[in-house]
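Participant: okay, here's the prediction I keep looking at, along with the sequence it came from:
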Amino acid sequence: QVQLAESGGGSVQAGESLRLSCSASGPIHSIWAMGWYRQAPGKQRELVASITRENAATYQDSSKGRFAISRDNAENMMFLQMDSLEPEDTGVYYCKAEGVRYYIAGGTNEYREVWGHGTEVTVSA
């Protein structure tokens, strides 16, 4: 069973920083892409940033220049450095992994996507 666990959320003032971490555990062979999604109160979940195994990163427009996504393939971890936080960044941040290949007896199998349970970020004005 492959699981994702987020950490690093908290309550901060506008202008401060947070660093989120996502740790993937289980019999993992490889993960194609990973991403951070945010669900603000009363809104749909939206992509914040994503990164491929080859470290090609994409960002939501509001995240560009303030957030930096990175990953450690050897440790199956992903990070999101969030600087200059704004109240609009408030929400639950979820980690998602796509193309998760994992070991089974005699070979490998693949999950199309796996989600974490989220970590809450609150930014006060």
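Facilitator: Okay, I see it.
Participant: what does the helix or strand hosting residue 79 rub up against?
Facilitator: Using DSSP states H and E, residue 79 sits in strand 77-82. Strand 77-82 has contacts (C-beta atoms under 8 Å, 6 or more residues apart in numbering) with 17-24, 34, 36, 48-49, 51, 66-72, 89, 93, 95, 121. Yep, even glycine has a C-beta here, placed from its N, CA and C like the rest.
Participant: so for the longest strand anywhere in the chain, mean pLDDT?
Facilitator: Secondary structure of the chain per DSSP state E: the longest strand is strand 91-104. What strand 91-104 shows for mean pLDDT is 97.
Participant: who does it touch, helix- and strand-wise?
Facilitator: Helices and strands touching strand 91-104, by 3 or more C-beta pairs under 8 Å, 6 or more residues apart in numbering; DSSP states H and E, are strand 3-7, strand 18-25, strand 28-39, strand 107-115, strand 119-124.
Participant: thought residue 29 was touching residue 109, still the case?
Facilitator: No - assessed by C-beta atoms under 8 Å, residue 109 is found out of contact with residue 29, at 9.1 Å.
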